[in-house]
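Undergrad: need coordinates for the below:
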Amino acid sequence: MSQKLVITRPDDWHLHLRDGDLMKDVLPHTAARFARAIVMPNLKPPVATVKQALEYRERILAAVPGGADFTPLMTLYLTESTKPEEIHHAKAEGHIHGVKFYPAGATTNADAGVRDIRRCDVVLETMADVGLPLLVHGEVTDPDVDVFDRETKFIEKVLAPLVERLPGLKLVFEHLSTKTAVDFVLSAPANVGATITPQHLLHNRNALFKSGIRPHYYCLPVLKRETDREALVKAAVSGNPKFFLGTDSAPHAKHLKENACGCAGIYSAHAGIELYAEVFEQARALERLEGFASFHGADFYGLPRSKDKLTLVKKSWTPPASYDFGEGRLVPFRAGEEIGWSLA
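TA: Prediction:
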């Protein structure tokens, strides 16, 4: 008999859905697994106002497959032009659950991001006052900093001073990739939480170069050393409520990944909970998966936990070589490689 695991239906606290026909091709994967998801605002143009966020929300809801119960949790894109009034509007409106801080140029569609976070202090103070979380892509973009040190330098130069300066600001340090980041979150106040992706839990940077360059394992922040991966796994399975699920699933067309200047981003929504089950099974901590996937994030954001259940079975399957993605193709994480858990 197959091993069965029944958990409260999880949420994804870091997701990229894109828009239009691209969104319609990837949204069903998330809606089949997750009750809710924090949706990233890095479209072109960025989702920087409440009006834009609500319009995007309606497009997402219209694309949810029939019969699926899925709620998008919207975010605003922080710019140096964001006004405190927009924050008050966002909080009062009810569908906006965070503001995303992209250092300018740090990742996909981050050109409109923040160059100097001190220029946003008034807005950040307003967010602290109303209780709207800041969601952080934690990497510096200084070309003199080694790509593997960008997260560590960000903590030192930006994040630690920010937390000290605004101790009441609720903050999510997204897609942790280093032991240094884990240690920072553990030492930070209770209002600092963090998400961890499946790729950073399952692989170290050797995966990028196995039998050649593997562009579909390239993301930002990049995969790090084995000691970093081990620290991330320890944090995820610890039961500490500061750490919760955030896939950072980021779809890019195959031809844009397999390119002389390929895009950063890994698409994992097709196996968004199954991959975490692998991690927790390997760590002999399956009993703690529900907390990480279904409770900690909801509690941190001050939202009710889901009342629905999701069932996983210990049954292997292999993702296809690619999925439809608008007029192109999308190569999923672990395409052609066996995954040990399936949706019932």
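Undergrad: how about Glu258, phi and psi?
TA: phi -90, psi 70 (degrees, to the nearest 10).
Undergrad: residue contacts, it?
TA: For Glu258, the contact set (C-beta atoms under 8 Å, 6 or more residues apart in numbering) comprises Pro215. The way it works is simple: take the backbone N, C-alpha and C, and place the C-beta from them, glycine included.
Undergrad: so what pLDDT did Ser2 get?
TA: On pLDDT, Ser2 comes in at 60.
Undergrad: against Ile38, how distant is Ile96?
TA: Separation of Ile96 from Ile38 (C-beta to C-beta, to the nearest Å) stands at 11 Å.
Undergrad: who touches both of these two?
TA: Common neighbours of Ile96 and Ile38 (C-beta under 8 Å, 6+ apart) are Thr75.
Undergrad: helix/strand/coil for the closest residue to Asp19 other than its chain neighbours?
TA: Spatial nearest neighbour of Asp19, chain neighbours left out: Leu43 (5.6 Å); criterion: C-beta to C-beta, 6 or more residues apart in numbering. Three-state call for Leu43 (DSSP: H, G, I helix; E, B strand; the rest coil): coil.
Undergrad: just the one 10 residues further on next, same as before
TA: Per three-state DSSP, the secondary structure class of Ala53 is helix.
Undergrad: I'd say it and Tyr77 touch.
TA: No: taking contacts as C-beta atoms under 8 Å, Ala53 lies outside contact range of Tyr77: 9.0 Å.
Undergrad: spit out the residues that contact these two alike.
TA: 41, 47.
Undergrad: what's the pLDDT at Pro72?
TA: On the pLDDT scale, Pro72 is placed at 98.
Undergrad: would you map the strands across the stretch 101-250 of the chain?
TA: All strands of the stretch 101-250 of the chain, identified by DSSP state E, counting those that start in this stretch, fall at 134-136, 171-173, 192-196, 243-245.
Undergrad: element containing Trp13, please.
TA: strand 12-15 (DSSP states H and E).
Undergrad: CA atoms only: put the helix or strand just after that strand into PDB for me.
TA: Per DSSP H and E, the first helix or strand lying C-terminal to strand 12-15 is helix 20-31. The C-alpha coordinates for helix 20-31 follow below in PDB (Å, rounded to 0.1, in the frame of the first residue of the first chain):
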ATOM      1  CA  GLY A  20      -2.200  37.000 -20.100                       C
ATOM      2  CA  ASP A  21      -1.900  33.700 -21.900                       C
ATOM      3  CA  LEU A  22       1.300  32.800 -20.100                       C
ATOM      4  CA  MET A  23      -0.500  33.000 -16.800                       C
ATOM      5  CA  LYS A  24      -3.300  30.800 -18.000                       C
ATOM      6  CA  ASP A  25      -0.800  28.100 -18.800                       C
ATOM      7  CA  VAL A  26       0.900  28.000 -15.300                       C
ATOM      8  CA  LEU A  27      -1.900  29.000 -12.900                       C
ATOM      9  CA  PRO A  28      -3.600  25.600 -13.000                       C
ATOM     10  CA  HIS A  29      -0.500  24.000 -11.400                       C
ATOM     11  CA  THR A  30      -0.600  26.300  -8.400                       C
ATOM     12  CA  ALA A  31      -4.400  26.200  -8.100                       C
END
